[in-house]
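Trainee: Got a predicted structure plus its sequence, pasted below:
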Protein chains: 2
Amino acid sequence: MNCVCVLGAGYMGSAISFPLSDNVNDVHLWGTWLDEWILDGCGQGLHPKLKNAIPDNVSLFYAGELKEAIEDAECLIIAVSSEGFIPVFEKLLGEMEEGCPLFCLTKGFVSVFEEVHRISQVAHRMFLQRFPGEDFQWVSVGGPSKAVELSKRVPTSAVFGMNSSVMAHFSQMFSTEYYFVNRCDDVCGVELCSAFKNVYAIGLGIYDGLYGEKRENYAHNLKSILFNQSVREMALIVEHAGGKRETAFDLSGVGDLFVTASSGRNRRYGEYLGKHFPPNDAYRLMKEEGEIAEGYHAVRYGMDFIRSLESAPFGKLPLFEMLFRIIVQNRDVEDELHRFLKVLSKQ
Amino acid sequence: MNCVCVLGAGYMGSAISFPLSDNVNDVHLWGTWLDEWILDGCGQGLHPKLKNAIPDNVSLFYAGELKEAIEDAECLIIAVSSEGFIPVFEKLLGEMEEGCPLFCLTKGFVSVFEEVHRISQVAHRMFLQRFPGEDFQWVSVGGPSKAVELSKRVPTSAVFGMNSSVMAHFSQMFSTEYYFVNRCDDVCGVELCSAFKNVYAIGLGIYDGLYGEKRENYAHNLKSILFNQSVREMALIVEHAGGKRETAFDLSGVGDLFVTASSGRNRRYGEYLGKHFPPNDAYRLMKEEGEIAEGYHAVRYGMDFIRSLESAPFGKLPLFEMLFRIIVQNRDVEDELHRFLKVLSKQ
């Protein structure tokens, strides 16, 4: 492979450039209008978020240089934030001259005309409007991958949910001795787990916020109930949305939840809630430090998404409902935890 | 229910007496010949392992009083160590006058004539020799349950793998507002996960022993690979042994691994290995403090068990094989971790 283009120069876009740069001659890293300062930093030798120098064969492109960035690219890798997805994808389609394999690292949901959808559903529709009749070749990337670690070339396992076996060929350009590509055909499952695990990680953070420091109340049995229930509910959501249960039991579900619950922004956001910070205040507080707890949005979007399913598994998602009540309806965390446990005890 | 008898007054036997005592008038707690000091302590007001007083309606029985202990019991709950299982069960069958529902909290394997079996397989055979033609009613209990926490009535979720729907009725006597009984029909899966999770928890302990303190090398991505691979391999083992994959993805697999990997004896044993203690020395060191790392035995027995399967999933269990080489063959932990990662990178 000679040239690929990564869209989005934040944590994940920049980190994925590392394994790509080991296989591809020329990696183009394009920054959105919000990434200018990052590209400036990279140009001076250090990625300001990753605190690491970008590999030599990665060339930087500013927001206005999208056409040049994608011109020679044989594949496009989208790694912008979920809020940025639609405007960037629209711009991208405008600049593309023909269809091209797409890899998506953006996690979460998108909202179109007040309706919440998986990213690939919306991307597919937009793609066909621009290129009627052409093949939509898509991979959703999931799995436990902290960007800073990946940029240090730490062993990382990812799952590539692909809608066409053609993509298996292209996915080879990501494979290195430290980046393990696991392929599956469940785009829906990978996407949903990647989004919902951020919500469930908040739950584990809440628990540690509530009890982590009061050692005498800390209970592994109870924390494990939360972890296990998160996995159960992710499998149920995936199944009801037309994906495969097993996807939730592998890297994008169990594996990614394990990492996200151990550390990171969503977990930290949960800890604030466990310490009785109001949900909106905690979100704002973190945002002021430049940290976005994606689960804060995913719990709202996730609820809308679940409600839109033909057979919504309501009544079977007591943990998700607990988190919705805490984050969106501002209910008391301890009351809600007890209520959740009461539901479990009666099942 | 008027009377049940728990066999084994160690951690789990004593802890399970708490939810039982909330439902059953009279709980008999029988100690083996190794438990005398524990019963003495309980008699003086405090269980010396749980550091908690046993409930008032729990009566204590010493090793020589087995007949009296089981006389009026409508169900028996076996919670001795896996090494103690066969001698205790033999003694028990000798004292029993007729078949009776059996609940087993003992985890691990038993070896008979140099062959390794699941506990329920051996128990079934022994039962039929004593009571030919009678119904063998059995439940294997699994799931994340730290005994000390259960004895503090902390919310705890268990899975009851039962071979007969009759046992659903009897399992109600365990259910309380803090002890959640989840029923399934996969005895094999529950037993195997409960045994193998101790081996895999050692793996996570090894990782923390190796890198936990050197913060700059610590990688969540890599630790998550170990957790995820543990779940994958448990599912594969269960499937090849005739159980259900889904069992590994729920409480006795994912849930119990989460707890066991966070804290406890097997995890601690792994940490010693990660700090380059020789496997036998580390085992002895812990044993001298009265702590048995069950995974140390389970890795040997587990290997024999896997080898005895008609279709052994060899080549697909790189993490289990890594742990076997480290613990049984005394190989270097870092070399083996790199070897394991190499295998993954080529899959």
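Mentor: Nice, I can see it. Numbers count the residues shown, from 1 in each chain, chains lettered A, B, ... in the order given.

Trainee: roughly how far apart are the residue in the stretch 51-200 of chain A that chain B sits nearest to and B:S224?
Mentor: Nearest residue of the stretch 51-200 of chain A to chain B, counting by C-beta to the nearest C-beta: A:P144, 3.7 Å away. Every residue, glycine included, has its C-beta placed from N, CA and C. A:P144 sits 4 Å away from B:S224, going by C-beta to C-beta, to the nearest Å.

Trainee: tell me, what's touching the two both at once?
Mentor: Here A:P144 and B:S224 share the contacting residues A:157, A:255-256, A:258-259, scored by C-beta atoms under 8 Å, 6 or more residues apart in numbering or on different chains.

Trainee: For A:V122, state which of the residues you listed is nearest.
Mentor: A:D256 (22.0 Å; C-beta to C-beta).

Trainee: Can you classify that closest one by secondary structure?
Mentor: helix (DSSP: H, G, I helix; E, B strand; the rest coil).

Trainee: Please tell me I have it right and it contacts A:G143.
Mentor: Yes - in this structure, A:D256 is within contact of A:G143 by C-beta atoms under 8 Å, at 5.8 Å.

Trainee: Looking at these two, which is more packed in?
Mentor: A:D256 (30 against 27; other C-beta atoms under 10 Å in any protein chain shown).

Trainee: give the contact list for that one.
Mentor: Per C-beta under 8 Å, 6+ apart, neighbours of A:D256: A:142-145, A:193-194, A:197, B:224.

Trainee: Top of the residues you listed by number of neighbours, please.
Mentor: Of those, with other C-beta under 10 Å as the count, A:C193 tops at 35 neighbours.

Trainee: Just confirm that one is within a helix.
Mentor: Yes - if the criterion is three-state DSSP, then A:C193 is within a helix.

Trainee: what separates it from A:G161, distance-wise?
Mentor: 9 Å.

Trainee: For the stretch 101-250 of chain A, what lies in contact range of chain B?
Mentor: Remark: the part of the stretch 101-250 of chain A in contact with chain B comprises A:144-146, A:149-150, A:152, A:154-157, A:175-178, A:180, A:182, A:219-225, A:227-228, A:231-232, A:235, A:245-246, A:248-250, using C-beta under 8 Å from any C-beta of the partner chain.

Trainee: Sort out which of those residues are buried, if you could.
Mentor: The neighbour-count test (16 or more other C-beta atoms under 10 Å in any protein chain shown) marks A:144-146, A:149-150, A:152, A:154-157, A:175-176, A:178, A:180, A:182, A:219-225, A:227-228, A:231-232, A:235, A:245-246, A:248-250 as buried among those.

Trainee: rewinding a little: anything in contact with each of A:C193 and A:G161?
Mentor: Shared contacts of A:C193 and A:G161, counting by C-beta under 8 Å, 6+ apart, come down to A:142, A:247, A:252.

Trainee: quick one: the last one and A:F196 touch, right?
Mentor: No - because the distance of 9.9 Å does not satisfy C-beta under 8 Å, A:S252 is recorded as not touching A:F196.

Trainee: More neighbours: which of the two?
Mentor: Between A:S252 and A:F196, counted using other C-beta under 10 Å, the more crowded position is A:S252 (35 against 31).

Trainee: Checking the more buried one next. Helix, strand or coil?
Mentor: helix.

Trainee: Could you give the bridge partners of A:W138?
Mentor: A:L102 (DSSP bridges).

Trainee: Need the phi and psi values for the residue nearest in space to the middle of chain A.
Mentor: Here the mean C-alpha position of chain A is nearest to the C-alpha of A:K107 (C-alpha atoms, centre = their mean), at a distance of 2.8 Å. Main-chain dihedrals, A:K107, degrees, to the nearest 10: phi -120, psi 150.

Trainee: now do the one 4 residues further on
Mentor: In this entry, A:S111 is assigned phi and psi values of phi -120, psi 130 (degrees, to the nearest 10).

Trainee: Now do the SS call for the residue of the stretch 51-200 of chain A closest to chain B.
Mentor: Classified using three-state DSSP, A:P144 is coil.

Trainee: Enumerate every residue touching it.
Mentor: A:P144 neighbours (C-beta under 8 Å, 6+ apart): A:156-157, A:251, A:255-256, A:258-260, B:220-221, B:224-225, B:228.

Trainee: if we go to 10 Å?
Mentor: A:156-159, A:197, A:251-252, A:254-260, A:262, B:220-225, B:227-228 (C-beta atoms under 10 Å, 6 or more residues apart in numbering or on different chains).

Trainee: Quick check: A:L60 vs A:L50, distance?
Mentor: Between A:L60 and A:L50 the computed distance is 14 Å (C-beta to C-beta).

Trainee: And for A:R118?
Mentor: Counting by C-beta to C-beta, the gap from A:R118 to A:L50 is 28 Å.
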